[in-house]
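>>> Pasting the sequence and the predicted coordinates here, then a few questions.
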Amino acid sequence: MTDRRDFMTASLLAPALLAAGATGAKAQMPAGARPSAKLGLPCVISTWDFGIAANQAAWAVLSKGGRALDAVEAGARIPEADLKNHSVGRAGYPDRDGHVTLDSSIMDEHGNCGAVAAIEHIAHPISVARLVMERTPHVLLVGEGATQFAVEQGFPREELLTPESEAAWRDWLKTAKYQPAANSEVRTYGHEAGLGQPGGKNNHDTIGMLALDAAGNTSGACTTSGMAWKLRGRVGDSPIIGAGLYVDNEVGGATSTGVGEEVIRNCGSFLVVELMRQGRSPQAACEEAVARILKRKPAAKELQVGFLAINKRGEVGAWAIQSGFSYALCDARKQDALLPSGSVY
């Protein structure tokens, strides 16, 4: 149903972080056993294979000495505009009632943040989120209020339900089956389940981005259309600061992907950053955050949750419950690297 790019082989950051396991035994392995990737400044990282194109847009800002905040906004707008991407932006799959609703958040090096949730008819929610941060006293606007604010700020009101997305929704309505299943086809569950098989086919989800600029400052962005066929009004982790995204300029930043409810329950991205503050590497912090989710709710092993993090030294880590999660990296050495994340199962 989707037209995704093939995985690209990353050669500059060996060994690959994929550690396949047949059982849950790897959950007991010492955190930090796998090495963190290391990038030079400036740099940007993002979730999934479509993060490559997003990173290139961000790099156009960073390579000219631009601010990390401007870079992540520019990067996030790329998948938001991609009509082949059914998990982010204008071509996102709708909720079960046929409405395309979008969620986004952004956070800068000063701790300022803004977000929108369940916004409709606006193609670039990440830019609206930035204006919530910069032009209002609030952090989060939702639903009709978020759409009203966007229109008042000059964003055009558009019909976001594309013919392809509408056809997929009508096909889903034939069974209206909605049951969580990690790495399944989108028609069964929805792209926020962490879809995709090793090898990169049908690999799509939320995009989370983290950047370090030449001054060493950190910013992040996260944007999604959420779960396909979700209940109307459902909001996941992406627009929730501390869940889908968190940045602390003294430490670094983290973002998440997968089933947002599990990330929210554990304040996932905030947890990863706090673990880095305590001295964990980004890799160890991501692993521990996943382990805590599984300890609190063992049934989550059937779902997908993944974390991506970077510290102030440019060290990168990623870890997920299920295999199939990949992330893209970009610095002065290479702009199109893609790595598979390690996983517990």
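Received, thanks. Residues are numbered from 1 along each chain as shown.

>>> next helix or strand past the helix or strand hosting residue 150?
Secondary structure assignment for residue 150, by DSSP states H and E: helix 143-152. The element immediately downstream of helix 143-152 (helix or strand, assigned by DSSP H and E) is helix 163-173.

>>> For that following helix, list the C-alpha coordinates in CSV.
What follows is helix 163-173, C-alpha atoms only, in CSV (Å, rounded to 0.1, in the frame of the first residue of the first chain):
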residue,chain,number,x,y,z
PRO,A,163,-7.4,10.5,-3.0
GLU,A,164,-4.9,7.7,-2.1
SER,A,165,-5.4,8.1,1.6
GLU,A,166,-9.2,8.2,1.2
ALA,A,167,-9.0,5.0,-0.9
ALA,A,168,-7.0,3.3,1.8
TRP,A,169,-9.5,4.5,4.5
ARG,A,170,-12.5,3.2,2.5
ASP,A,171,-10.7,-0.1,2.0
TRP,A,172,-10.1,-0.3,5.8
LEU,A,173,-13.8,0.4,6.4
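
>>> Just give the nearest non-adjacent residue to residue 323, would you?
Spatial nearest neighbour of residue 323, excluding adjacent residues (CB to CB, 6 or more residues apart in numbering): residue 343 at 4.4 Å. For the C-beta atoms, the positions are set from N, CA and C on the backbone; glycine is no exception.

>>> Okay, and the beta partners of that neighbour?
residue 320 (DSSP bridges).

>>> okay, now residue 158: neighbour count?
12 (other CB atoms under 10 Å).

>>> An error on my part: the question was meant for residue 116.
Applying other CB under 10 Å, we find 31 residues neighbouring residue 116.

>>> could you list every residue that touches it?
Contacts for residue 116 were tallied using CB atoms under 8 Å, 6 or more residues apart in numbering; they are 102-104, 125, 128-129, 132, 140-142, 146, 149-150, 239.

>>> Now do the helix holding residue 150: which elements does it pack against?
Applying 3 or more CB pairs under 8 Å, 6 or more residues apart in numbering; DSSP states H and E, we find helix 143-152 packed against strand 113-119, helix 125-135.

>>> What residues of the last one count as buried?
With burial defined by 16 or more other CB atoms under 10 Å, the residues of helix 125-135 counted as buried are 125-133.

>>> Residue 84 contacts residue 91, doesn't it?
Yes - with the criterion set as CB atoms under 8 Å, residue 84 and residue 91 qualify as a contacting pair; they are 6.9 Å apart.

>>> Show me which of those two is the more surrounded one.
residue 91 (22 against 13).

>>> what's the closest non-adjacent residue to that one?
For residue 91, ignoring the flanking residues on the chain, the nearest one in space by CB to CB, 6+ apart is residue 83 at 4.6 Å.

>>> where's residue 168 relative to residue 109, distance?
When distances are taken as CB to CB, to the nearest Å, residue 168 and residue 109 turn out to be 39 Å apart.

>>> likewise residue 46?
Residue 46 sits at a distance of 18 Å from residue 109 (criterion: CB to CB).

>>> out of these two, which sits in the busier spot?
Between residue 46 and residue 109, residue 46 has the larger neighbour count (other CB under 10 Å), namely 31 against 22.

>>> List the contacts of the more buried one.
Residue 46 sits next to 54-55, 58, 75, 207-210, 308, 327-328 when contact means CB under 8 Å, 6+ apart.

>>> how long is stretch 83-90 end to end?
Using CA to CA, to the nearest Å, the span of stretch 83-90 from its first residue to its last is 7 Å.

>>> Same question for stretch 58-70.
Across stretch 58-70, the straight-line distance between its terminal residues is 8 Å, by CA to CA.

>>> Enumerate the positions of it that are buried.
Neighbour counts using 16+ other CB under 10 Å place 58-59, 61-62, 66-70 of stretch 58-70 among the buried residues.

>>> can you give me how far it is from the chain middle?
19 Å (CA atoms, centre = their mean, to the nearest Å).

>>> repeat for stretch 161-175
Mean-position distance between stretch 161-175 and its chain equals 24 Å (CA atoms, centre = their mean).

>>> residues in contact with it?
Outside of stretch 161-175, the residues within contact range by CB under 8 Å, 6+ apart are 1, 83, 86, 90-94, 98-100, 186-187, 228-229.

>>> Would you mind writing the ChimeraX command to select the buried ones in the residues you listed?
Buried residues among the contacts of stretch 161-175 (16+ other CB under 10 Å), as a ChimeraX selection:
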select :86,90,91,92,93,94,99,100,186,187,228,229
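
>>> And the contacts of stretch 161-175, which is the shakiest by pLDDT?
Sorting the contacts of stretch 161-175 by pLDDT puts residue 187 at the bottom of the list (29).
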